[in-house]
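Undergrad: Got a predicted structure plus its sequence, pasted below:
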Amino acid sequence: MSIIALFNAAKEYFEARRTNQLFRQLDDHYLKDIGFYRDNGHIRPLAGKKDLESQPLEHAYIPPGEQPSDG
């Protein structure tokens, strides 16, 4: 694993941890307003089966010929 990949993994971990801490401070009404609910101490999305802590960040791969232009 390269050093850049290690830094990116650490950055993603700390961002997810901070998001989870912020969501835990919200009450159930606010969580429902933004599309989440609390289930046995875990924050889960209303649509889907994964909890907030285990959601991987998915990046879509766009082939070079199909990328949008900046113009």
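TA: It's in.
Undergrad: Give me the distance between the two termini of stretch 25-37.
TA: Counting by Cα to Cα, to the nearest Å, you get 12 Å between the two ends of stretch 25-37.
Undergrad: Buried ones in the helix or strand hosting residue 20, by neighbour count?
TA: Here residue 20, judged by DSSP states H and E, is contained in helix 3-25. Of the residues in helix 3-25, 16, 23 count as buried by neighbour count, 16 or more other Cβ atoms under 10 Å. Where C-beta positions appear, they are placed from N, C-alpha and C, glycine not excepted.
Undergrad: low-scoring stretches of the chain, by residue?
TA: 1, 49-71 (pLDDT under 70).
Undergrad: one more time with 80
TA: Applying pLDDT under 80 to the chain picks out residues 1, 48-71.
Undergrad: picking that back up, in whatever helix or strand comes next after the helix holding residue 20, what's buried?
TA: Toward the C-terminus, helix 3-25 is succeeded by helix 28-33 as the next helix or strand (DSSP H and E). For helix 28-33, burial by neighbour count (16+ other Cβ under 10 Å) applies to residue 31.
Undergrad: After helix 28-33, which helix or strand is next?
TA: strand 36-39.
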